[in-house]
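Student: Have a look at this prediction, sequence included:
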Amino acid sequence: MQEQLVGSVDDLKSGNRLIVSINGTEVSVFQSSGRYFAFQNRCLHQGGPVGEGALMPKVTAVLGRGREVLEERFDDNIVHLVCPWHGWEYELPSGECVADRRLRLPSFEVRVKEGKVYVVS
Amino acid sequence: MRTVTGQGEPDTRKILANARVQAVERGYSEFPIVDVDAHHYENDSWAELTGYIDDPIVRQLSESSIAKGSGRGTTLIPSQVGNQDVGGRIQRYGLRQDEKGDEGRHRDVSLIRRSMEMMGIDYTIVFPTPMLNLGLHPQPEVEKAIARGYARWMTERVLPEDTSIKTMLYLPFNDPEAALKLVEDFSSKPGVVGFMVTSVRYRPVHDKAYMPVYAALEERGLPLAFHGAHNWYERATEQLNRFISAHALGFPLYNMIHLMNLVINGIPERFPKLKLMFMEGGLAWVPFLMQRLDSEYMMRTSEAPLLTKKPSAYMREFYYSTQPMERPDDLSILEKTFEQLDARNRLVFSSDYPHWDFDLPGVIYDLPFLDEDSKRRILGRNAMELFNLPEPKELLP
């Protein structure tokens, strides 16, 4: 297990992404709601730069007592990383593909120490 | 290391950087790749295109339809409701409209060449985008004038800049005589490798008025493609409440209707050398329709008196473009689909770039059930034979 310094917490403000190479794999490092994430930057679909995509809250449907759809809402507690090429969605922090839970985007542990961001390889 | 900030100039070369990596990894420089269906946005150059419209009334209408000062966009072409970029989730999709071209090169040629170079594509056959809805225009004279203006603009202004970019010109099919005239006038123009009918339209393709068009195309050996699209306002699909539904069904729906009319009315018997192609409906609908038509033909043979073989046998002689190719969990389903439509000889790769559901050549190259020769045929050789394309001077990447 090795820690690789990739930048500082300031580098990851305002939704910025750090694209780094970890053992030959292109990895995207970013933060969302104060948590830090590192994912392989190749979508499982057609290889798009998924780690550079939008962070979107999950869309949920609210059913009534008769099982009719009352409304749809954003669930701000569940965030999806969305591939900018075709829209495949992966849930944070697991990296599970939302449409097919058997698929998981490879992830890396991120450690933050004294304002510095490290990816564990 | 690089930092992505969301700022900076939109650039296809950045957007498709991962495609370039794939092209190098898979060795696409070893064989030619032809993309038979990519797009540009002719509305981005609408002021320029308008200058090529001959009809003075429609040209004036077109001029007045452009947002003042922009030179872009037009209200002259019917539009579709819908959110192609899934509410902004497909971020790359909207970037294109602000991308700048190279100095001294037409912007469309610049953008098309960039995507070709990133994907490793040696020839691209380019189609318009908003004009996919032009068949819905209530005035046939407007469709005719725009189709001719587009044909002139493409062959006089855009295509001469790069011989690796080809087109199958839009036919104004609501006016069969105008469609025939367009075939006659533009068949021999450099860069024109065939003609295209947008599938969302409502005049049956077996109408006798089209026979001269089919004869002219057959005589010239030029393919006719039916390019799929959706129409959410279609009576049957109005009840679908999501874009996913209207899009998933719409694209194959119109192609199925046209194909069925062509086959059942014996067009392939009447024009045996006419090369027919069906684009952008995916592939899963093909074996479905083969089975449906064959089963009913066995019971209702008298309703299709021109046929000398089962409908599926005609369908196996047509060409199909790949995108948006379905990816079933069980790949044996896709393998069987390939067998059904004689993919090794009749399937041709298409990216549909830059549209939201584009495919890379890897969708074919990475299929485990294809041998190397079949991959290369589907990715390039089949199209080179169909369109009579010369060997590329230099293979990309």
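Tutor: It's in.

Student: ok, the residue sitting nearest the centre point of chain A to chain B distance?
Tutor: By CA atoms, centre = their mean, the mean C-alpha position of chain A lies nearest to residue A:81, the distance being 4.3 Å. Counting by CB to the nearest CB, to the nearest Å, the separation of residue A:81 from chain B is 10 Å. (Each C-beta comes from the backbone N, C-alpha and C, glycine too.)

Student: Neighbours of the closest residue to that residue other than its chain neighbours, how many?
Tutor: Closest residue in space to residue A:81, ignoring its immediate chain neighbours: residue A:90 at 4.7 Å, by CB to CB, 6 or more residues apart in numbering or on different chains. Neighbour count of residue A:90, defined by other CB atoms under 10 Å in any protein chain shown: 25.

Student: One more: the one 4 residues further on?
Tutor: Applying other CB under 10 Å, we find 11 other residues in the vicinity of residue A:94.

Student: residue ranges with poor pLDDT in the chain?
Tutor: By default, I'm working from chain A. Along chain A, the model assigns pLDDT under 70 to no residue.

Student: Hmm, no, I was thinking of chain B.
Tutor: Scanning chain B for pLDDT under 70 picks out the ranges B:6-7, B:397.

Student: Close to chain A: what parts of it are there?
Tutor: B:1-6, B:15, B:17-19, B:21-22, B:86, B:88-92, B:356-360, B:362-363 (CB under 8 Å from any CB of the partner chain).

Student: How much space separates the residue nearest to residue B:273 when sequence neighbours are not counted from chain A?
Tutor: In space, and not counting its chain neighbours, residue B:273 is closest to residue B:218: 5.0 Å by CB to CB, 6+ apart. According to CB to the nearest CB, residue B:218 and chain A sit 37 Å apart.

Student: go on, residue B:33?
Tutor: Separation of residue B:33 from chain A (CB to the nearest CB): 15 Å.

Student: Okay, that residue and residue B:296: tell me how far apart.
Tutor: Per CB to CB, to the nearest Å, residue B:33 is found 39 Å from residue B:296.

Student: So for these two, which sits in the more crowded spot?
Tutor: A direct count of neighbours by other CB under 10 Å for residue B:33 and residue B:296 places residue B:33 higher, at 29 against 14.

Student: show me what contacts the closest residue in space to residue A:88 that isn't next to it in sequence?
Tutor: Using CB to CB, 6+ apart and skipping residues adjacent in sequence, the residue nearest residue A:88 is residue A:45, 4.7 Å away. By CB atoms under 8 Å, 6 or more residues apart in numbering or on different chains, the residues touching residue A:45 are A:83, A:85-86, A:88.

Student: ok, back up a step: just the buried ones out of the residues of chain B next to chain A, please.
Tutor: B:4, B:15, B:17-19, B:22, B:86, B:89-92, B:356-360, B:362-363 (16 or more other CB atoms under 10 Å in any protein chain shown).

Student: Out of those, list just those in helices.
Tutor: B:15, B:17-19, B:22, B:92, B:362-363 (DSSP state H).

Student: ok, of those residues, which one's closest to residue B:228?
Tutor: residue B:363 (17.2 Å; CB to CB).

Student: buried sites along stretch B:170-184?
Tutor: B:170-176, B:178-183.

Student: and what of stretch B:325-343?
Tutor: Quick answer for stretch B:325-343 (16+ other CB under 10 Å): B:325, B:334-335, B:337-338, B:340-341, B:343.

Student: What's the first helix or strand after the lengthiest strand in chain A?
Tutor: Longest strand of chain A, by residue count under DSSP state E: strand A:69-82. Moving toward the C-terminus from strand A:69-82, the next helix or strand (DSSP states H and E) is strand A:89-91.

Student: Now do the strands in chain A.
Tutor: So, for chain A - with DSSP E - the strands run A:3-8, A:17-22, A:25-32, A:35-40, A:54-63, A:69-82, A:89-91, A:96-97, A:100-104, A:107-108, A:110-113, A:116-120.

Student: tell me the secondary structure for residue B:216?
Tutor: helix (DSSP: H, G, I helix; E, B strand; the rest coil).

Student: out of the contacts of residue A:45, what pair is the most spread apart?
Tutor: Checking the contacts of residue A:45 with CB to CB, the most distant pair is A:85 and A:88, at 8.1 Å.

Student: what touches both of those two?
Tutor: By CB under 8 Å, 6+ apart, the residues touching both residue A:85 and residue A:88 are A:43, A:45, A:48, A:50.

Student: Pick the one among the residues you listed closest to chain B.
Tutor: Nearest to chain B among the shared contacts of residue A:85 and residue A:88: residue A:48, at 6.0 Å, using CB to the nearest CB.

Student: My guess is the closest one contacts residue A:81. True?
Tutor: No. Counting by CB atoms under 8 Å, residue A:48 stays clear of residue A:81, with 11.5 Å between them.

Student: Next to chain B, which bits of chain A? Give me the list.
Tutor: So chain A meets chain B at A:6-7, A:11, A:14-21, A:28, A:41-42, A:46-49, A:52-54, A:56, A:82, A:84-87, A:89 (CB under 8 Å from any CB).

Student: Those residues, buried ones only, as a PyMOL selection?
Tutor: The buried residues among the residues of chain A next to chain B can be selected in PyMOL (16+ other CB under 10 Å) with this line:
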select buried, chain A and resi 6+7+11+16+17+18+19+20+28+41+42+46+47+48+49+52+53+54+56+82+84+85+86+87+89
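
Student: Contacts for stretch B:239-252, please.
Tutor: Here stretch B:239-252 makes contact (CB under 8 Å, 6+ apart) with B:82-84, B:200, B:228-232, B:234, B:237, B:280-282, B:284-285, B:324.

Student: Flag every buried residue along that stretch.
Tutor: B:240, B:243, B:246-247, B:249-252.

Student: Those residues: which two are farthest apart?
Tutor: Across those (CB to CB), the longest gap, 15.7 Å, separates B:243 and B:252.

Student: The spatially closest residue to residue A:107 that is not a sequence neighbour: how many residues sit nearby?
Tutor: Leaving aside its sequence neighbours, residue A:107 sits nearest to residue A:95 (CB to CB, 6+ apart; 4.6 Å). A count of neighbours around residue A:95, defined by other CB under 10 Å, yields 19.

Student: among the contacts of stretch B:239-252, which ones are buried?
Tutor: For these, buried by 16+ other CB under 10 Å: B:200, B:228-232, B:234, B:237, B:280-282, B:285, B:324.

Student: my guess is residue B:97 meets residue B:40, correct?
Tutor: No. Checked against CB under 8 Å, the pair residue B:97 and residue B:40 is beyond contact range at 11.7 Å.

Student: Look at those two and report which has more neighbours.
Tutor: residue B:40 (24 against 12).

Student: Which one of the buried ones among the contacts of stretch B:239-252 is nearest to chain A?
Tutor: residue B:324 (9.6 Å).

Student: any idea which helix or strand carries the closest residue to residue B:317 other than its chain neighbours?
Tutor: Among residues not flanking residue B:317 along the chain, residue B:268 sits closest, at 6.7 Å (CB to CB, 6+ apart). Assigned by DSSP H and E, residue B:268 belongs to helix B:267-270.

Student: helices or strands next to that helix in the packing?
Tutor: Under the contact definition 3 or more CB pairs under 8 Å, 6 or more residues apart in numbering or on different chains; DSSP states H and E, helix B:267-270 sits against helix B:211-220.

Student: quick one: contacts for residue B:391?
Tutor: B:32, B:384 are the contacts of residue B:391 under CB under 8 Å, 6+ apart.

Student: if we can go back for a sec, and the residue nearest to residue B:273, how many residues sit next to it?
Tutor: The burial count for residue B:218: 16, using other CB under 10 Å.

Student: Touching, it and residue B:268? I think so.
Tutor: No. If you go by CB under 8 Å, residue B:218 and residue B:268 don't touch, sitting 10.4 Å apart.

Student: still on that earlier bit, farthest-apart pair in the buried residues of stretch B:325-343, please.
Tutor: B:325 and B:340 (14.2 Å).
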